[in-house]
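> following is a predicted model, sequence given first.
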Amino acid sequence: MTDRHVFDLTVNGVPRRVEAEPDMPLLYVLRDLMGERETRFGCGDGLCGACTVIVDGRAAEACDLPVSAVAGPVETAASLTGPAGDHPILDALLSRNAGQCGYCLSGIAMRAKAFLEVTPGASRAEIARALDRNLCRCGAHNRILDALEQAAAQMEGTA
């Protein structure tokens, strides 16, 4: 018998109600129960960053964060596009053709968004340090950093 609870979450600005076991990782709640497939499963141990989302303004690995520990709104990569247009991070990643396979990109974009919102105009070195926990196995690091440097300048208003 499972010990399921009802959780009220706000995901990408939309209130959502889900029934899940309290220790179910947020990743599985997002993907399997809510259909939010843009958040990726990577290592399952919170080490690769593929599953990074923003929870209450901070980057978090969704694969090892129990849904019961989620306090505050959740943002996934789907939040980077909307009726008002695409976020500068998404625009830059696309215009710089930054992804190769793209598997890691949603997690990188979300960690970058969390970082650049508190550090607009960050330098390339600062961006690289902030993304240290996110792995890209394709080797697209330079294009990703080029794109995020462009987005940082745009977010600061100097692009």
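Sure thing, it's come through.
> hey, let's count contacts and neighbours off CA atoms from now on
Will do.
> so Val18, which state does it fall into?
On the three-state scheme (DSSP: H, G, I helix; E, B strand; the rest coil), Val18 is labelled strand.
> and it, what does it touch?
If you count contacts by Cα atoms under 8 Å, 6 or more residues apart in numbering, Val18 has them with 6-9, 29, 33-34.
> name the member of these that has the highest neighbour count.
Val29 (20 neighbours; other Cα atoms under 10 Å).
> sorry, back to before: specify which member of the contacts of Val18 is nearest to Cys136.
Comparing these against Cys136 with Cα to Cα places Val29 closest, at 24.3 Å.
> can you verify my assumption that the closest one contacts Ala20?
Yes. Judged on Cα atoms under 8 Å, Val29 makes contact with Ala20 at a distance of 7.4 Å.
> need the pLDDT of the residue nearest to Arg17 when sequence neighbours are not counted.
In this structure, Arg17 finds its nearest non-sequential neighbour in Asp8, 4.5 Å apart by Cα to Cα, 6 or more residues apart in numbering. Listed pLDDT for Asp8 reads 97.
> which element is the most centrally placed residue in the chain on?
In the chain, the C-alpha nearest the mean C-alpha coordinate belongs to Met110, at 2.8 Å (Cα atoms, centre = their mean). Per DSSP states H and E: Met110 is located in helix 105-118.
> tell me which residues in the helix or strand just after that helix are buried?
Using DSSP H and E, the next helix or strand after helix 105-118 towards the C-terminus is helix 124-130. For helix 124-130, burial by neighbour count (16 or more other Cα atoms under 10 Å) applies to 124, 127-128, 130.
> of the residues you listed, closest to Gln150?
Using Cα to Cα, Arg124 comes nearest to Gln150 of these, at 9.5 Å.
> before we move on, back to that, sitting in strands, which of the contacts of Val18 do you find?
6-9 (DSSP state E).
> pLDDT score for Cys43?
pLDDT for Cys43: 92.
> show me the shaky parts of this structure.
Filtered on pLDDT under 70, the chain yields the residue ranges 1-2, 158-159.
> outline the domain layout of this protein.
Segmentation of the chain into domains, based on automatic domain parsing, reads 5-79, 80-156.
> where does the closest residue to Asn97 other than its chain neighbours fall, helix, sheet strand or coil?
The shortest distance from Asn97 to any residue other than its chain neighbours is 7.2 Å, reached at Arg143 (Cα to Cα, 6+ apart). Assigned with three-state DSSP, Arg143 falls in the helix class.
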